[in-house]
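In: Could you work out the structure for the sequence below:
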Amino acid sequence: MWVLHFVDVKQVRVFGGNGGDGCISFLSLWCNENAGPDGGDGGNGGHVVFKSTYDVNNLGHITSVIRADNGEKGYPKDCVGKNAKHNIVPVPVGTIIKNVEGKIVGDLDVDGLMFIAARGGSGGKGNPFFVTDAQNAPKICEYGATGEQRSYTLELRSMAHIGLIGLPNAGKSTLLQAITRARSKIASYPFTTLKPHLGMVQYDDYVQIAIADLPGLIPGSHENKGLGIQFLKHIERCTALLFIVDASSEAPWEHIDALNFELKSFSKELATRPQVIVANKIDLPEAMENVRILEEKLKVPIITISAKMGTNVANLLAELRKLYDKIQSEKEAGT
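Out: Below is the predicted model of the structure:
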């Protein structure tokens, strides 16, 4: 069980490798000093390729500048230069690729898909290529072509199975630490979490569920207040949502209304994601009375926990597993 700082957006500049230059050479034999041109062609430059894989789950390992190797130059005696190897960069399944205009040019939503981000240049021709009836001994060759240069924005569409959302100080980081043994920052002031963190819950049958601790939401986030639109984009990349409210606070049911309003204002589709509502901090005074009122107002089951004390955390994990299994079965059924 572990946690990591999660990078889900990355701007990169990619450079395809240059082709190798052709060679100018003439074969000289003991019986024929002018045996003809024998310069080899240059090798092709390598491509920069993004390949989706489940072996990585975020974009933190990707550098801002990515280059492929150049092709090898040609040599005498018709020796062709080696083609350069392609630079294959692994990205998580669910990565989308946007060009400088913001248009989506690649969607790697299946394991093993590849996107050629920058093509390598072709190798130059050696002087035998230029032999004609009129010119039997050309002293010319081609330079290798220059590789492509491109700029892209990589975005991870699928971030985690479940995203923890709530107002600041609702106890999201404490809960993540309780169910994954993560060590994300915990403090009593708002916006302790400024960037998403990811924890993994492993069950006895070795099924792993990714849980994302997301920055706190405040009213007006859809208008870019607080952490704003960037926060809501993080939520958009989670399959299901876990609403966490502080049961000891005044009128926690208003917190649920505020969270749902921000989600609907940003994306109607986002508000239809599977949801689980968790009332945290039930060890504090007046919490259980607020939970009773919360259940009456929302008319949906409420999972009560104390992330700090560990109360009912096992029940929460069981409910998360049920939700995960339901989502997976729906995916397999194609619904």
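In: In stretch 313-326, which residues are buried?
Out: 313, 316, 320, 323-324 (16 or more other CB atoms under 10 Å). No exception for glycine: its C-beta is placed from N, CA and C like everyone else's.
In: Domain ranges for this structure, per the record?
Out: If you go by automatic domain parsing, the domain ranges for the chain are 7-158, 160-333.
In: Any chance of those in JSON lines with mean pLDDT as columns?
Out: Listed next are the domains of the chain as JSON lines, based on pLDDT from 0 to 100:
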{"stretch": "domain 7-158", "mean pLDDT": "90"}
{"stretch": "domain 160-333", "mean pLDDT": "76"}
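In: rewinding a little: G20: which of the buried residues of stretch 313-326 is nearest?
Out: G20 lies nearest to Y324 out of the buried residues of stretch 313-326, by CB to CB, at 51.3 Å.
In: Torsion angles phi and psi at the closest one?
Out: When read as degrees, to the nearest 10, the backbone of Y324 gives phi -60, psi -50.
In: shouldn't it be in contact with A210?
Out: No: using CB atoms under 8 Å, Y324 makes no contact with A210, being 9.8 Å away.
In: okay, and the common contacts of these two?
Out: Taking CB atoms under 8 Å, 6 or more residues apart in numbering as the criterion, Y324 and A210 both touch 161-162.
In: host element of K326?
Out: helix 313-333 (DSSP states H and E).
In: Check which helices and strands that helix is in contact with.
Out: Secondary-structure packing of helix 313-333 (3 or more CB pairs under 8 Å, 6 or more residues apart in numbering; DSSP states H and E): strand 160-165, helix 172-180, strand 208-213, strand 238-246, strand 275-280, strand 303-304.
In: residues of the following helix or strand past the second one that come out buried?
Out: It stands for helix 172-180. Proceeding N to C from helix 172-180, the next assigned helix or strand is strand 197-202, under DSSP H and E. Neighbour-count burial for strand 197-202 flags 197-201 (criterion: 16+ other CB under 10 Å).
In: Can you show me the CA trace of strand 197-202 as CSV?
Out: This file holds the C-alpha atoms of strand 197-202, laid out as CSV (Å, rounded to 0.1, in the frame of the first residue of the first chain):
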residue,chain,number,x,y,z
HIS,A,197,-2.2,12.1,-4.3
LEU,A,198,-2.9,8.5,-5.1
GLY,A,199,-3.2,5.6,-2.8
MET,A,200,-3.8,1.9,-3.5
VAL,A,201,-6.1,-0.4,-1.5
GLN,A,202,-5.2,-4.0,-1.9
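In: Pull the distance from that strand to the chain's centre.
Out: On the basis of CA atoms, centre = their mean, to the nearest Å, strand 197-202 sits 16 Å off its chain's mean C-alpha point.
In: quick check: angle from that strand to strand 208-213?
Out: 150 degrees (axes from the mean of the first three to the mean of the last three CA atoms, to 10 degrees).
In: Which strands border strand 197-202, and is each parallel or antiparallel?
Out: Using DSSP bridges, the strands paired with strand 197-202 are strand 3-5 (antiparallel), strand 208-213 (antiparallel).
In: can I assume N280 is in contact with N169?
Out: No: with contact defined as CB under 8 Å, N280 does not reach N169; the gap is 10.1 Å.
In: quick one, which of these two is more surrounded?
Out: Neighbours were tallied for N280 and for N169 using other CB atoms under 10 Å; the higher tally belongs to N280 (28 against 18).
In: which other residues reach the helix holding K326?
Out: Contact with helix 313-333 is made by 161-162, 175, 178-179, 201, 203, 207, 209, 239-240, 242, 274, 276, 278, 303, 305, 307, as judged by CB under 8 Å, 6+ apart.
In: which of these are buried?
Out: Counted by 16+ other CB under 10 Å, the contacts of helix 313-333 give 161-162, 175, 178-179, 201, 209, 239-240, 242, 276, 278, 303, 305, 307 as buried.
In: for the closest residue to S64 other than its chain neighbours, helix, strand, or coil?
Out: Excluding the flanking residues, the one nearest S64 by CB to CB, 6 or more residues apart in numbering is V12, at 5.8 Å. Look at V12: counting by DSSP: H, G, I helix; E, B strand; the rest coil, its state is strand.
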